[in-house]
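S.K.: Sequence and predicted structure are below.
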Amino acid sequence: MSASFQVLVSRYASQLAHQQYDVIVVGGGHAGTEAAAAAARVGAETLLVSQKIQTIGALSCNPSLGGIGKGQLVKEIDALDGLCGRAGDWAGIHFSILNRRKGPAVWGPRAQLDRQYYREFIQSELLSTPRLTVLEGSVEELLVTEPKPDEPGQHRVTGIRLANGSQLVSASSVVLTTGTFLAGSLFVGQTTVPGGRVGDAPSSAGLSHTLKERLRLRMGRLRTGTPPRIVKESVDLSLAVLHPPDTNPTPFSFLNKQTRCKPEEQLPCHLTYTTPGVEKVVKESLHLNCHIHQDTKGPRYCPSIESRVLRFPGRQHQVWLEPEGLTSELLYPQGLSMTMPPEMQLSLIREIPPLQRAEIHTPGYGVQYDFVCPTQLSPALQVKSTQGLFLAGQINGTTGYEEAAAQGLWAGVNAARRALSMPPVTLSRTESYIGVLIDDLVCRGVTEPYRMFTSRAEFRTALRPDNADLRLSLKGFEEVGCVSSERYQEALRVKNSLADALAALQDLTFFSFHHVVKNDLSPGPDTVMFSISGMAVLQYNQVSYEMLASCFPEVLCPFVEFSQRLKIEAVYKPHCDLQKKEMDRIQKEESMFLPQDIDYFSLPVSLSQEVREILDRFRPSTLGAATRLQGMTPAAIVHLLKYVKQTK
Ligand code: FAD
């Protein structure tokens, strides 16, 4: 891969073939790479512009993919033919399914990755994507037209201006995925410098100016941080608890039967804990740590060691020591994100037993950046007040590669569809975690960096990692246009085989005889017979599909490759059937569109002033979205429903 990769890189465009594209994607992070690839798959002539070619697909923080809630997103992105699942299978060096003690619906497929392999895979996929051009460059400004008199408040994006020279490139749609780079500042100790990530300049001020001053978008500021990277050979791993990977790595991608890394080649992770000395160093260095004093919100579920220690004093905190790559000489200490001065960082890590003699390769740092309040977006991730402008990833207030990639894919799809004069497509929260993510962002907004959890999905027993292909690959091909025919054919084969197998199980009848306990000599049988379907038998914990197949080989053996999926289907079927009614209700509400030009203040229905203000501010696209707005009352929804029905 590495050798051929150098050749491939030289094929990147240095001069543009066209000055006019259907879609331009700004930023080559996790959102941007998925957006560009998805737009091209849908059929749009696409340009991806990113500041540095070599950082396209870079993992800015932890080299890992998936986890609880996030693994579900990766499976769904893969089902829609996205890149990150296959990249994870190529780059993974330690695979494990998290949450195994709970049901398979909330299992979290996760892998520790080799940074370089991941980046190289993404880059070579982009290079081999038809209709996609990749350009190294920084986007200085968005080109937008002023609103027309007949469309008040509606700007339209027409392209971009590149920095260093005034090259203009036009496009029908532009997807902005600038991550932590928008007005980004980096923090270590008392030093603050402009930057989007260590070694990378922030996005140009022109871009922020367009969003804030010309488009008048509501923006906010968030922060995050990363731990120091530690020299592996300076660490005594014998003092930490060994965590081996799964013996049989499970690939993320539905197209892969195995991962690139062989089971025995995988690397272990290690677990250790903080000591009271860590808390002491944090407290002693507080006056030298300006990031911690900033009045911005950081990621609650991935906090810095400073925040953890200050919030929960006297506790031991977990620190995972994770490999950075197959041959990397560095370790990533997950849980030790910090922004104190470098010499204090060294003192802190040496308070942890396996790190007593550790050396720091690169100090930890924090980053603060602008984000756009995502309630200003439609469910297609288009800015409601600017035709053709789509936003995805950290710029929308999320944190994490998977959240960024999921939004990127969906924004890319819709940007392409708009450019090709096709109607927008949406994903409902009843059919996917991607739908949950987008719905949460556009209906509820964010007050702190948003990350995915299984608890955010009300229908998680139906939205399982194992069935993402059935939920999304068919729709992705038939309705959306972002899925290849190869993947579609495979999903169809799986769908038909599972349906046949479930029908066969339903047709099998088991009889069981139960002794009747009688306390008198009344007439009647001593035993009664119950019949039960093969499907119901499979729901018992102790029964596996293979056991049933050994009893009925002719009927069940043809489907044995799906034995795990069939077991999961059988177990969840009763619960999913119960949820069906509620899912149908939500889907019905989501098909009731609210006109975007509605004047809520003069609407002749009984709504309080507060509700009118909420509706005017968020402009929900559907009745379903309106029900999920904070501050909406059941009575207001009934009035809105009547109004929608009358105007239909
Ligand atoms: P990014 O991956 O940041 O990619 C943005 C891309 O846009 C870059 O390639 C950049 O070069 C390009 N770009 C920006 N401006 C322009 C421009 N004007 N013109 C052209 N190209 C441009 N996530 C977690 O889940 N947990 C964490 O603890 C965590 N810690 C982090 C710590 C740090 C220091 C950083 C930087 C990130 C951290 N993240 C963390 C976030 C994670 O990296 C992001 O969520 C994810 O990378 C977001 O993907 P993205 O595509 O939105 O943006």
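M.R.: Nice, I can see it.

S.K.: how close does D22 sit to L391?
M.R.: Distance, D22 to L391, by CB to CB, to the nearest Å: 18 Å. The way it works is simple: take the backbone N, C-alpha and C, and place the C-beta from them, glycine included.

S.K.: More neighbours: which of the two?
M.R.: Each of D22 and L391 had its neighbours counted (other CB atoms under 10 Å), and the higher figure belongs to L391 (27 against 22).

S.K.: The ligand versus S421, what's the distance?
M.R.: Distance, S421 to the ligand, by CB to the nearest ligand atom, to the nearest Å: 27 Å.

S.K.: likewise G335?
M.R.: Taken as CB to the nearest ligand atom, the span from G335 to the ligand is 10 Å.

S.K.: now swap in V42 and tell me
M.R.: According to CB to the nearest ligand atom, V42 stands 19 Å off from the ligand.

S.K.: Using the three-state scheme, assign the closest residue in space to that residue that isn't next to it in sequence.
M.R.: Nearest residue to V42, sequence neighbours excluded (CB to CB, 6 or more residues apart in numbering): A416, at 3.8 Å. The three-state label for A416, taken from DSSP: H, G, I helix; E, B strand; the rest coil, comes out as helix.

S.K.: got a list of what A416 touches?
M.R.: 22-23, 38-40, 42-44, 46, 173 (CB atoms under 8 Å, 6 or more residues apart in numbering).

S.K.: Mind doing that once more with 6 Å?
M.R.: A416 is in contact with 23, 39, 42, 44, counting by CB atoms under 6 Å, 6 or more residues apart in numbering.

S.K.: mind listing which of those are in strands?
M.R.: Judged by DSSP state E, those include V23 as members of strands.

S.K.: now for the contacts of A416, which pair is the farthest apart?
M.R.: V23 and V42 (8.8 Å; CB to CB).

S.K.: The two - which one has more neighbours?
M.R.: V23 (33 against 25).

S.K.: just to revisit the earlier point, next, format the contacts of A416 as JSON lines and append distance to P202 and pLDDT.
M.R.: Converted to JSON lines, the contacts of A416 look like this (distance: CB to CB, whole Å; pLDDT from 0 to 100):
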{"residue": "V23", "distance to P202": "24", "pLDDT": "98"}
{"residue": "A39", "distance to P202": "25", "pLDDT": "98"}
{"residue": "V42", "distance to P202": "31", "pLDDT": "98"}
{"residue": "A44", "distance to P202": "28", "pLDDT": "98"}
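
S.K.: Tell me the secondary structure of Q630, please.
M.R.: coil.

S.K.: Leaving out the residues flanking it, which one is nearest to V281?
M.R.: Excluding the flanking residues, the one nearest V281 by CB to CB, 6+ apart is L348, at 4.2 Å.

S.K.: hmm, who's touching the strand or helix carrying that neighbour?
M.R.: Assessed by DSSP states H and E, L348 sits inside helix 342-349. The list of residues contacting helix 342-349 from outside it, by CB under 6 Å, 6+ apart, reads 228, 278, 281, 285, 338, 355, 358, 360, 363-364.

S.K.: if we go to 10 Å?
M.R.: For helix 342-349, contacts defined as CB atoms under 10 Å, 6 or more residues apart in numbering pick out 188-189, 191, 227-228, 230, 235, 274, 277-282, 284-285, 288-289, 305-306, 309, 319, 333, 336, 338-341, 355-356, 358-360, 362-365.

S.K.: Those residues in helices, which ones?
M.R.: 277-282, 284, 305-306, 309 (DSSP state H).

S.K.: In ChimeraX, select just the buried ones from those residues.
M.R.: Only the buried entries of the ones in helices among the contacts of helix 342-349 go into this ChimeraX selection, using 16 or more other CB atoms under 10 Å:
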select :278,279,281,282,305,306,309
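
S.K.: Show me the two of the ones in helices among the contacts of helix 342-349 that sit farthest apart.
M.R.: Taking CB to CB, no two of the ones in helices among the contacts of helix 342-349 sit farther apart than G277 and E306, at 14.6 Å.

S.K.: Low-confidence ranges, this protein, go.
M.R.: Filtered on pLDDT under 70, the chain yields the residue ranges 1-18, 165-166, 518-525, 648.

S.K.: Name the single longest helix found in it.
M.R.: Secondary structure assigned by DSSP H gives helix 563-590 as the longest helix of the chain.

S.K.: now Q368: how far from G393?
M.R.: 17 Å.

S.K.: okay, the two: which has more neighbours?
M.R.: Neighbour comparison, Q368 and G393: the larger count goes to G393, with 32 against 20 (by other CB under 10 Å).

S.K.: Leaving out the residues flanking it, which one is nearest to L472?
M.R.: Using CB to CB, 6+ apart, the nearest residue to L472 is A79, at 4.0 Å.

S.K.: what's near enough to touch that neighbour?
M.R.: A79 makes contacts with 85, 253-255, 432, 434, 465, 467-476, 483, 487, 491, as judged by CB under 10 Å, 6+ apart.

S.K.: ok, Y401 touching R115?
M.R.: No - the criterion here is CB atoms under 10 Å, and Y401 misses it with R115 at 11.9 Å.

S.K.: intersection of neighbour lists for the two?
M.R.: Common contacts of Y401 and R115 (CB under 10 Å, 6+ apart): 57, 59, 62-63.

S.K.: circling back to that earlier point, which element follows the longest helix of the chain toward the C-terminus?
M.R.: helix 609-618.

S.K.: What is the helix or strand just after that next one packed up against?
M.R.: Helices and strands here follow DSSP H and E; after helix 609-618, the next one along the chain is helix 623-627. In terms of contacts (3 or more CB pairs under 10 Å, 6 or more residues apart in numbering; DSSP states H and E), helix 623-627 is packed against helix 563-590, helix 609-618, helix 634-647.

S.K.: Same list (these) but as TSV, adding distance to A240 and mean neighbour count.
M.R.: Converted to TSV, those look like this (distance: least, CB to CB, whole Å; neighbours: other CB atoms under 10 Å):
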stretch	distance to A240	mean neighbour count
helix 563-590	33	16
helix 609-618	48	16
helix 634-647	53	14
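
S.K.: V139 is nearest to which of these?
M.R.: V139 lies closest to helix 609-618 among the helices and strands packed on helix 623-627, at 28.7 Å (CB to CB).

S.K.: Taking the stretch 101-250 of the chain, what residue is nearest to the ligand?
M.R.: In the stretch 101-250 of the chain, the residue found nearest to the ligand is G179; the distance is 2.1 Å by CB to the nearest ligand atom.

S.K.: quick check, nearest of the ones in helices among the contacts of helix 342-349 to I598?
M.R.: When those are compared for distance to I598 (CB to CB), E306 wins out at 46.9 Å.

S.K.: Was I right to think Y273 contacts V319?
M.R.: Yes - using CB under 10 Å, Y273 is in contact with V319, at 6.5 Å.

S.K.: Now the residue nearest to T210 when sequence neighbours are not counted: phi and psi?
M.R.: In this structure, T210 finds its nearest non-sequential neighbour in L142, 4.5 Å apart by CB to CB, 6+ apart. When read as degrees, to the nearest 10, the backbone of L142 gives phi -90, psi 140.

S.K.: Number of residues surrounding L142?
M.R.: 25.

S.K.: Nice, that's everything, thank you.
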